[in-house]
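**Student:** give me coordinates for this.
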Amino acid sequence: MKNLIVMAIPGFVILLIAELVVAYLQKKHDEYFDAKDTASSLSMGIGNVIIGFISKAIIPVALAFVYDFRFFTFPEHGWWPWMAWVLCFFADDFSYYWFHRTSHSVRYFWASHVVHHSSQKYNLGTALRQTWTGNLSGSWLFWLWMPLVGFTPTMITTMMAISLLYQFWIHTEIIKKMPKLIEFIFNTPSHHRVHHASDVKYLDRNHAGILIIWDRMFGTFVEEEEHPTYGLTKNIETHNPFIIAFNEWGAVIKDIWNAPTFRAKMGYLFGPPGWSHDGSRKTSAQLRAELRQLASDQVKTNTTNDPIVKPTTELV
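**Tutor:** The predicted structure is shown next:
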């Protein structure tokens, strides 16, 4: 997995430059880019690669250990290996969906994933704004079922890398909409812009890696309508990569330390982001509920205040 990502770095740089050129030609470079923000994203990406030389070694070791206890072994010859790779693709993408969705619903995993959402701009540089702690905190746990059913560690890590490479190009505002069939099946820039939004209607939606069908199946899909507002519901307002990398972990530790009960401590660690024991903060679900209630109240108010229009029998 490491080699594919490292080999792709020159391509990332070329595409970043190309996106910047197009943005300048469209006179939207100020809207799409911020020099300090992009520098922060690149710093996070470089740190991820450097730390990854050590932390990513955990993944093949864990996969190989579980593979020794596999229930099934895919044959290495004939037509079946091709089918095994196809099945591995779907299994990996399914695993990524649930990892990604959980990273938005469990604060322990959010503490690493929040890094990727901390930019208030949306461009190819944002794709490189990656966590430094994800592998160390166990993001790979969501893939451990795959070697158990017979996928080899090499197959799994290869598919994980392909998924990351695919997701690079969808971090852009240059591409608005793809053809309808592609938009229906695959994750696209439009779908992923929704995922990076801090607007309440878009929060915790479109968790797809490559295939958007999982979001459609499990009820987390939302179509892009209004232009998204990027970033967090409460932005950290810094370009310091070390603060970006560890800010949420510090907040988690502080909340656990100050929590009055053991149950509250566990809530701050494994509850959804925004959960608080005293209701002083709001989760995404609570924010959406408030939005729905507000919309319902507005409908009732408008209905009550509408004048009664009597039908007329006059012919014009």
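
**Student:** tell me if I'm right that Thr229 and Lys201 touch.
**Tutor:** No: because the distance of 10.8 Å does not satisfy C-beta atoms under 8 Å, Thr229 is recorded as not touching Lys201. Any C-beta I mention is one placed from the backbone N, CA and C, and that applies to glycine too.

**Student:** give me the more crowded residue out of those two.
**Tutor:** Lys201 (15 against 12; other C-beta atoms under 10 Å).

**Student:** double-check the more buried one against Val222; I have them as touching.
**Tutor:** Yes: using C-beta under 8 Å, Lys201 is in contact with Val222, at 6.9 Å.

**Student:** the bottom helix or strand of this structure by mean pLDDT?
**Tutor:** Averaged element by element with mean pLDDT, DSSP states H and E, the chain has its least confident helix or strand at helix 284-305 (a mean of 84).

**Student:** what's the single longest helix in this protein?
**Tutor:** The longest helix of the chain (DSSP state H) is helix 80-105.

**Student:** report how many residues lie close to the nearest residue to Leu164 once chain neighbours are set aside.
**Tutor:** Once flanking residues are discounted, Leu164 sits nearest to Ile5: 6.3 Å by C-beta to C-beta, 6 or more residues apart in numbering. Using other C-beta under 10 Å, Ile5 is surrounded by 19 other residues.

**Student:** also the one 10 residues further on?
**Tutor:** Leu15 is surrounded by 16 other residues when neighbours are defined as other C-beta under 10 Å.

**Student:** OK, contacts around it?
**Tutor:** 124, 168-169 (C-beta atoms under 8 Å, 6 or more residues apart in numbering).

**Student:** neighbour-wise, which one of those residues leads?
**Tutor:** Within those, Leu124 tops the neighbour count with 25 neighbours, counted by other C-beta under 10 Å.

**Student:** and Gln130, what does it touch?
**Tutor:** The contact partners of Gln130, by C-beta under 8 Å, 6+ apart, come to 44-45, 48, 115-116.

**Student:** can we see that at 6 Å?
**Tutor:** Listed by C-beta atoms under 6 Å, 6 or more residues apart in numbering, the contact set of Gln130 reads 44-45, 48.

**Student:** nearest spatial neighbour of it, skipping sequence neighbours?
**Tutor:** Asn48 (3.9 Å).

**Student:** okay, the one you found: pLDDT?
**Tutor:** Per-residue confidence (pLDDT) for Asn48: 94.

**Student:** moving C-terminal of the helix or strand containing it, what's the next helix or strand?
**Tutor:** Take DSSP states H and E as the rule and Asn48 turns out to sit in helix 35-55. Past helix 35-55, heading to the C-terminal end, the next element that is a helix or strand (DSSP H and E) is helix 58-67.

**Student:** so where's the protein uncertain?
**Tutor:** Residues of the chain that meet the criterion pLDDT under 70 lie in 1-2, 76-79, 303-316.

**Student:** can you give the domain ranges for it?
**Tutor:** The record, using automatic domain parsing to delimit domains, assigns the chain the ranges 2-218, 247-303.

**Student:** any chance of those domains in a markdown table, with distance to Thr233 too?
**Tutor:** As requested, these are arranged in a markdown table below (distance: least, C-beta to C-beta, whole Å):
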| stretch | distance to Thr233 |
| --- | --- |
| domain 2-218 | 5 |
| domain 247-303 | 7 |
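
**Student:** pick the most buried one from the ones you listed.
**Tutor:** Relative to the other members of the domains of the chain, domain 2-218 carries the highest mean neighbour count by mean count of other C-beta atoms under 10 Å, namely a mean of 18.

**Student:** surely Thr229 meets Ser198?
**Tutor:** Yes: at 5.3 Å, Thr229 and Ser198 qualify as touching, with contact defined as C-beta atoms under 6 Å.

**Student:** name the helix or strand for Ile243, please.
**Tutor:** In this structure, Ile243 sits in helix 241-258 according to DSSP H and E.

**Student:** what are the contacting residues of stretch 210-218?
**Tutor:** Here stretch 210-218 has contacts from 93, 97, 163, 166, 187, 191, 206, 208, 221, using C-beta under 6 Å, 6+ apart.

**Student:** any idea how far Leu16 is from Tyr166?
**Tutor:** Distance from Leu16 to Tyr166, counting by C-beta to C-beta, to the nearest Å: 17 Å.
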